[in-house]
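> Build me a model from this:
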Amino acid sequence: MELFIPAPADWINANDRLHWRPKAKLTKAWRMAGHIHARVNVLPRGLGRVRITVHVVKPTARAYDAHNLMPTAKAVMDGFVDYGLIPDDTNKHLVGPDIREGGKGVPGLRIVIETLAPVVAETSSTC
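Next up, the predicted model:
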């Protein structure tokens, strides 16, 4: 599955030292965008485990560190959980998000979602 989420607000950058209130507004905007775009794209609900790759699309070709935008991707993952794509964004249900540079274009996130087999718990045997 693949979807594009156009930037609903400024990026949430790990290098920025924002006051909690403006950061909360940005986080809410990105989280809601994740939820809304999951619904509009009719993503499945109740998946057990997924791998998500996030491609950051910027309006210019200037160099940047895509990993600094992990707080943006995290907010979108929370929106996917709110939608019901997966029950939680813990390691049991989510591999990633793997964040990458996505080229030049309309600012936003191109997200690729792959379904995975559930993690099988190891059983310990005593001899």
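
> from here on, contacts and neighbour counts on C-alpha atoms
Fine.

> Nearest residue to H37 in space, please, no chain neighbours.
I5 (6.7 Å; Cα to Cα, 6 or more residues apart in numbering).

> go on, I99?
V54 (4.7 Å).

> ok so the one you found is a strand residue?
Yes: counting by DSSP: H, G, I helix; E, B strand; the rest coil, V54 is part of a strand.

> Would you quantify the distance from it to P22?
As for V54, its distance to P22 is 24 Å (criterion: Cα to Cα, to the nearest Å).

> which of the two has more neighbours?
Neighbour tally, V54 and P22, criterion other Cα atoms under 10 Å: the higher count belongs to V54, 25 against 10.

> and for the helix or strand harbouring R21, what are the contacting residues?
Using DSSP states H and E, R21 maps to helix 20-40. Residues from elsewhere that reach helix 20-40, judged by Cα atoms under 8 Å, 6 or more residues apart in numbering: 3, 5, 7-12, 72, 75-83, 85.

> if we go to 7 Å?
Helix 20-40 is touched from outside by 5, 8-10, 12, 72, 75-80, 82-83, with contacts defined as Cα atoms under 7 Å, 6 or more residues apart in numbering.

> For W11, grab the count of nearby residues.
20.

> On the secondary structure side, give me the element for it.
Assigned by DSSP H and E, W11 falls within no helix or strand.

> quick one: contacts for it?
W11 makes contact with 69, 72 under the criterion Cα under 7 Å, 6+ apart.

> how near is it to A63?
As for W11, its distance to A63 is 15 Å (criterion: Cα to Cα).

> Show me what the residue nearest to H37 is bridged to.
Beta-bridge pairing of I5, defined through DSSP bridges, involves L109.

> got the residue ranges for the strands in this protein?
In the chain, the strands defined using DSSP state E lie at 2-6, 50-58, 94-104, 108-115.

> For these, give me CSV that also has distance to T27 and mean pLDDT.
As requested, the strands of the chain are arranged in CSV below (distance: least, Cα to Cα, whole Å; pLDDT from 0 to 100):
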stretch, distance to T27, mean pLDDT
strand 2-6, 14, 97
strand 50-58, 16, 98
strand 94-104, 16, 95
strand 108-115, 14, 97
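
> Any stretches of the chain with poor pLDDT?
When the per-residue scores of the chain are filtered using pLDDT under 70, the ranges that remain are 119-127.
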